[in-house]
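1. structure, please.
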Amino acid sequence: NPNQDLTAFGHTSWNTYLHELGHGLGLRHPDEDPNNTAGASNNNNQWTVMSYVAHPGEAGESLLNQAYSLTPMVFDIQALQELYGANLDTRTSDTTYFGAGDGSTDLEYQYGADQMLIDGGDGVNRDVMLTIWDAGGRDQIDASDLTTRVQIDLRPGNFSTIGGLSNNVAMAAAVRSGGRIVNY
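-> Here you go, the predicted model:
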């Protein structure tokens, strides 16, 4: 398929890689329905890369113009942690998310200066959609460079609106490890 020729973040091909990797790690389509006709409100790419249904804010967009997840999403991370245990090694120190995009090593997902848009490698700017998993440290979300609406919700399993797409940045659901809550 020529639509799968690119390997760029934010492109449909990247979503396909995440989706197929999910299968390889034991994840399945929501509701075990390959056509995702079950109608659940969270049966879409906002919640899982394993769904064939677009993020609600992207409904009606062509496949080549839709925003696609840059990371596994909330349900994917929950399922993988159930299967393999919580990842307690990812980003354990202080982390700033988004920010100015100046290449600093202490910044993750540096899309703030680009208004939370990413070029999927084909010249099409798409909204950023991702889930933050962070295992420790004192962290912050820096949306100071954005001129778009920003609504930040730091509760585990909930979504923030950062950029042009509503509910596009999720906080992974919290897990307990050794009696403490991780990703809180």
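2. tell me the spacing between S62 and N43.
-> 21 Å (Cβ to Cβ, to the nearest Å). Heads up, the C-betas are built off the backbone N, CA and C, glycines and all.
3. which of those two has more neighbours?
-> Neighbours around S62 and N43, counted as other Cβ atoms under 10 Å, are more numerous at N43. The numbers are 21 against 9.
4. find the nearest non-adjacent residue to that one, please.
-> P30 (4.5 Å; Cβ to Cβ, 6 or more residues apart in numbering).
5. so what's the residue count around that neighbour?
-> 19.
6. my read: it touches N45, true?
-> No: using Cβ atoms under 8 Å, P30 is not in contact with N45, being 10.4 Å away.
7. what residues are shared contacts of these two?
-> Residues touching both P30 and N45 comprise S51, with contact defined as Cβ atoms under 8 Å, 6 or more residues apart in numbering.
8. quick one on the thing from earlier: OK, contacts around the residue nearest to N43?
-> 36, 38, 40, 42-43, 47-48, 50-51, 75 are the contacts of P30 under Cβ under 8 Å, 6+ apart.
9. turn those residues into TSV, columns for distance to Q140 and pLDDT.
-> Shown next, in TSV, are the contacts of P30 (distance: Cβ to Cβ, whole Å; pLDDT from 0 to 100):
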residue	distance to Q140	pLDDT
N36	35	55
A38	37	61
A40	33	78
N42	27	86
N43	32	88
W47	25	95
T48	27	95
M50	30	94
S51	30	91
F75	25	93
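10. for the residue nearest the centre of the chain, give the beta-bridge partners.
-> With distances taken as Cα atoms, centre = their mean, the residue of the chain nearest its centroid is L130 (1.7 Å). Note on L130: beta-bridge partners by DSSP bridges are V169.
11. if I look at it, how far off is D119?
-> 16 Å.
12. related to what we said a few turns ago, correct me, but the residue nearest to the centre of the chain touches A170?
-> Yes: between L130 and A170 there is a contact at 7.4 Å, judged by Cβ under 8 Å.
13. and I141, that's in a strand?
-> Yes: the assignment for I141 by DSSP: H, G, I helix; E, B strand; the rest coil puts it in a strand.
14. select the longest helix from the chain.
-> helix 12-24 (DSSP state H).
15. so how far is S93 from I77?
-> 20 Å.
16. out of those two, which sits in the busier spot?
-> I77 (23 against 11).
17. what about the more buried one, distance to V53?
-> Counting by Cβ to Cβ, the gap from I77 to V53 is 19 Å.
18. over to D31?
-> 11 Å.
19. just G123 next, same as before
-> 26 Å.
20. cool, and G121?
-> 23 Å.
21. where does the protein have low pLDDT?
-> 1-7, 32-39, 100-107, 177-184 (pLDDT under 70).
22. where do the strands sit along it?
-> For the chain, the strands defined by DSSP state E cover 96-98, 107-108, 117-119, 125-127, 130-132, 140-142, 150-151, 159-162, 169-171, 175-177, 180-182.
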